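Peer 1: here is a sequence with its predicted model. Questions after.
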Amino acid sequence: MVEIHLTETDRIDWALKSFKRSVMKAGILREIRRRRHYVKPSEARQIKSKAAQRLRAKAARGRPER
């Protein structure tokens, strides 16, 4: 749970910036987007496999051939 402690002298724009920063740091928005739709376990494995393939291909492009 994200908590922002304010005093009487704190400004609203500072409070909003602080709240947004703490929400991003906690990863709440990423989690909401991830849970927006149900993904079957088989689809999740497939997505994870494709992401790993992309990373391997990207790493291979960056490495010089010997």
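Peer 2: On my side now, so go ahead.

Peer 1: average pLDDT for stretch 15-30, rounded please.
Peer 2: Mean pLDDT, stretch 15-30: 93.

Peer 1: check the offset of it from the chain's centre.
Peer 2: Distance of stretch 15-30 from its chain centroid, counting by CA atoms, centre = their mean, to the nearest Å, is 11 Å.

Peer 1: please apply the same query to stretch 52-66.
Peer 2: From the chain centre to the centre of stretch 52-66 is a distance of 24 Å (CA atoms, centre = their mean).

Peer 1: begin at 6 from here
Peer 2: Yep, numbering from 6; the last one is stretch 57-71 now.

Peer 1: show me what that stretch is in contact with.
Peer 2: Here stretch 57-71 makes contact (CB atoms under 8 Å, 6 or more residues apart in numbering) with no residue beyond itself. Quick note: C-beta positions are derived from backbone N, CA and C, even for glycine.
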